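S.K.: give the three-dimensional model of this entry:
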Amino acid sequence: MTAFEEVAIQQKCDLILVVGDATSTMECALVAAKLQSPVAHVEAGIRSFDRTMPEEFNRIVTDAVSDY
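M.R.: From the prediction side, this is the model:
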């Protein structure tokens, strides 16, 4: 997360696009939210609504901080 944060600060992003439901997707979305950069989340997976699955947890958190 710290490496991505450094890049995001350096690049002064207008929008941060995150893709998927991996933990790294969630982490990058959290960094973007912390930096108050708009976040766009692209997810092609089907929601399981099973919170015991790590991917579903990642989707929930990422969606919560996403603007698009």
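
S.K.: all helices for this protein, in order.
M.R.: For the chain, the helices defined by DSSP state H occupy 2-11, 23-34, 54-65.

S.K.: from those, which stretch is densest packed?
M.R.: helix 23-34 (a mean of 19; mean count of other CB atoms under 10 Å). Any C-beta I mention is one placed from the backbone N, CA and C, and that applies to glycine too.

S.K.: if we can go back for a sec, tabulate the helices of the chain (CSV), appending mean pLDDT and distance to L17.
M.R.: CSV is the format used below for these (pLDDT from 0 to 100; distance: least, CB to CB, whole Å):
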stretch, mean pLDDT, distance to L17
helix 2-11, 95, 12
helix 23-34, 97, 9
helix 54-65, 94, 12
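
S.K.: center of the chain - which residue?
M.R.: Nearest to the geometric centre of the chain sits A29, at 2.7 Å (CA atoms, centre = their mean).

S.K.: with adjacent residues omitted, what lies nearest to that one?
M.R.: Excluding the flanking residues, the one nearest A29 by CB to CB, 6 or more residues apart in numbering is T62, at 4.5 Å.

S.K.: perfect, I'm done here.
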